[in-house]
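Asker: 3D, please:
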Amino acid sequence: MFLKIAHRGASKKEPENTLRSFRRALSLGSTFIECDVHICKTGELVVMHDETVDRTTNGRGKIHNKTYQELLALDDGVGEHVPRLQEVIELVHNKARINIELKGRGTGHVLAYTLAAYYSAGWKLGDFFISSFSRRELRAFRKLDRETPVGYLLTVNMFGAIHFAKKINAYSVNPNVHRVTKHFVNKAHKNNLKVFVYTVDTPEQAKKMKEMGVDGVFSDCPEEI
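Answerer: Here you go, the predicted structure:
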């Protein structure tokens, strides 16, 4: 199966990483949603890509220096608020799987405990997929959670990534669309790793990735591919 993962929701059409963006992705038939998480000053896992609120909201400053109430007061695009991870999970429940990318420091540890609570409430391992560029956060997550599928995001050191992915019992390696090669895909598959490529936004790129044998792609506009 060739997976199409809605990157930060339908982020070419709606403000990225907002409930509005995720709703739009679901309405377009997306069965896999991707979001990014940081920890704010009051300890909540909040959904935002950057470590600061500067680019995507009408505020300024680092997320870890702001309480959730301070974040909630910001406009995250067309009146949307900065969502907590819990809100995103509840939105996509029974409609799609969710890929949570660990961004901020400490997110691996906190997310492992968060998912444990969802599993206790009846959620399944297949509902969640964890990814990160940070080896530190992936190790921290794996120390507490040995079962949830994880993917290692990478930009460089392609074949070293396969070695690290095997060490943490990863499900996939996730390279950049401009760096992935057929040789890398074959090497990953020989090591029983899936390959999910980011960020693929045109039908031409998607066709090339499919011909290369990748298992899925992250896209800002999944409906177009």
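Asker: all contacts plus neighbour counts: C-alpha atoms, from now on.
Answerer: Will do.
Asker: OK, contacts around A6?
Answerer: By CA atoms under 8 Å, 6 or more residues apart in numbering, the contact set of A6 is 25, 30, 32-34, 218-222.
Asker: pLDDT and secondary structure added to these, as JSON lines?
Answerer: Output for these, formatted as JSON lines (pLDDT from 0 to 100; DSSP: H, G, I helix; E, B strand; the rest coil):
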{"residue": "A25", "pLDDT": "96", "secondary structure": "helix"}
{"residue": "S30", "pLDDT": "94", "secondary structure": "coil"}
{"residue": "F32", "pLDDT": "96", "secondary structure": "strand"}
{"residue": "I33", "pLDDT": "97", "secondary structure": "strand"}
{"residue": "E34", "pLDDT": "98", "secondary structure": "strand"}
{"residue": "F218", "pLDDT": "97", "secondary structure": "strand"}
{"residue": "S219", "pLDDT": "97", "secondary structure": "strand"}
{"residue": "D220", "pLDDT": "96", "secondary structure": "coil"}
{"residue": "C221", "pLDDT": "92", "secondary structure": "coil"}
{"residue": "P222", "pLDDT": "88", "secondary structure": "helix"}
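Asker: which strand residues bridge L154?
Answerer: Applying DSSP bridges to L154 gives these bridge partners: P175.
Asker: residues contacting it?
Answerer: Residues in contact with L154 (CA under 8 Å, 6+ apart) are 133, 161, 173-176.
Asker: mind listing the strands for this protein?
Answerer: Using DSSP state E, the strands found in the chain span residues 3-7, 32-39, 45-47, 97-102, 128-132, 150-154, 172-175, 194-197, 216-219.
Asker: could you dump those to a markdown table with distance to Y119?
Answerer: Below are the strands of the chain laid out as a markdown table (distance: least, CA to CA, whole Å):
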| stretch | distance to Y119 |
| --- | --- |
| strand 3-7 | 22 |
| strand 32-39 | 19 |
| strand 45-47 | 17 |
| strand 97-102 | 14 |
| strand 128-132 | 10 |
| strand 150-154 | 16 |
| strand 172-175 | 22 |
| strand 194-197 | 24 |
| strand 216-219 | 25 |
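Asker: mind checking those for the one nearest to A73?
Answerer: strand 45-47 (13.5 Å; CA to CA).
Asker: counting by contacts, list what the closest one packs against.
Answerer: Packing partners of strand 45-47 (3 or more CA pairs under 8 Å, 6 or more residues apart in numbering; DSSP states H and E): strand 32-39, helix 85-92, helix 107-120.
Asker: which residues touch the longest one?
Answerer: The set of residues that contact helix 107-120 without belonging to it, under CA under 8 Å, 6+ apart, is 37-39, 45, 102, 125, 137-141, 144-145.
Asker: circling back: farthest-separated two in the contacts of L154?
Answerer: The span of the contacts of L154, defined through CA to CA, is set by A161 and N176 at 12.5 Å.
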